[in-house]
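S.K.: Show me how the following folds:
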Amino acid sequence: MASPAPATVDELGLRGCLYLWALLTGQEYRLPIAQTKRMTLVAMGYLQERGVIEVPWPEARWELKPDARITPIEGLQWHLSWAVYEPERLVDALDDYFNSLERDDFTTAERLRLWTELGSAEAERFFEQQLLKHRFSGEWAQDIAFAYRESGVVLTVAQWRYCAWAAVRRGASMAMQHGPQVDGLRDTIYQEIRRRATSVASGTWDGCSFPPFNPQPESALGRGFVHRLTRLGQLYWTGWPSTEVLIGHGLEHCRV
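M.R.: Residues are numbered from 1 along each chain as shown. This is a model prediction of the structure:
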């Protein structure tokens, strides 16, 4: 059951405002809402629970709702139910909220949590692309989220992308030698991600970093984080998620 809708963007909070900004921006400019469909569902579920949007879940779609919107990439239906702001002024209200955010311990900690979560989603998206490139199941991509949580190491997003690339190459080599249906292929790829992550974190290998050629995040959620909550730029990919990086680089150029 949805909670009572927040009375202001301040009550919606940093995370909710970022999710809503991403949903509206992705809808307007034909962008993926988030890095993965799973992350998009998390964001939309968060907004639905707070009475900001309606979604047809657990049904896949509404049969009769002419004012429903459909996310342009994921194809998910939703309806803006928050009437606190006029729809055409909502993005401006969100931008005003981002501009007014304090650089206190709470907002810095929340930015760091978001960076960690978005970094995991960025790595999963790249991993999925590599898996599909080599004709493996894209469903295996979620495995990197477990490695991200359980490896106990802190890497940059670009380094996680390298680990994903190297692990898929290891799996492709195994498939070429023993066939694509060989037992243990998925687990071999997963264990290779973890092995690479440990080696990269220990400094055993240098230069193991795959930042994208274009530092602009593909998803609206990534762009909102980089351009509204921080000014990380390339550091979104190449910086270690930490309070020090956020304070030293990611917040100093934020609009105030």
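S.K.: okay, now residue 64: neighbour count?
M.R.: By the criterion of other Cβ atoms under 10 Å, residue 64 has 5 neighbours. Quick note: C-beta positions are derived from backbone N, CA and C, even for glycine.
S.K.: likewise the one 5 residues further on?
M.R.: Other residues near residue 69 come to 15 when the count uses other Cβ under 10 Å.
S.K.: Can you give me the domain assignment for the chain?
M.R.: The chain resolves into domains spanning 9-100, 103-256 when parsed by automatic domain parsing.
S.K.: Go through the ones you listed and find the least confident stretch.
M.R.: Comparing mean pLDDT across the domains of the chain, the weakest is domain 103-256, with a mean of 92.
S.K.: Run the chain-centre distance for it.
M.R.: 10 Å (Cα atoms, centre = their mean, to the nearest Å).
S.K.: Over to stretch 49-59?
M.R.: 20 Å.
S.K.: Please renumber the chain so that the first residue is 695 from this point on.
M.R.: Let's use 695 as the start, then, which means that last one is stretch 743-753.
S.K.: show me where the stretch 695-844 of the chain has helices.
M.R.: 703-723, 731-743, 784-794, 799-827, 837-844 (DSSP state H, counting those that start in this stretch).
S.K.: Tell me which of those helices sits nearest to residue 916.
M.R.: helix 799-827 (6.0 Å; Cβ to Cβ).
S.K.: What ranges does the stretch 845-950 of the chain have for its helices?
M.R.: 851-872, 879-896, 914-918, 929-932, 937-939.
S.K.: which ones are touching residue 770?
M.R.: Listed by Cβ atoms under 8 Å, 6 or more residues apart in numbering, the contact set of residue 770 reads 727, 734, 735, 738, 749, 764.
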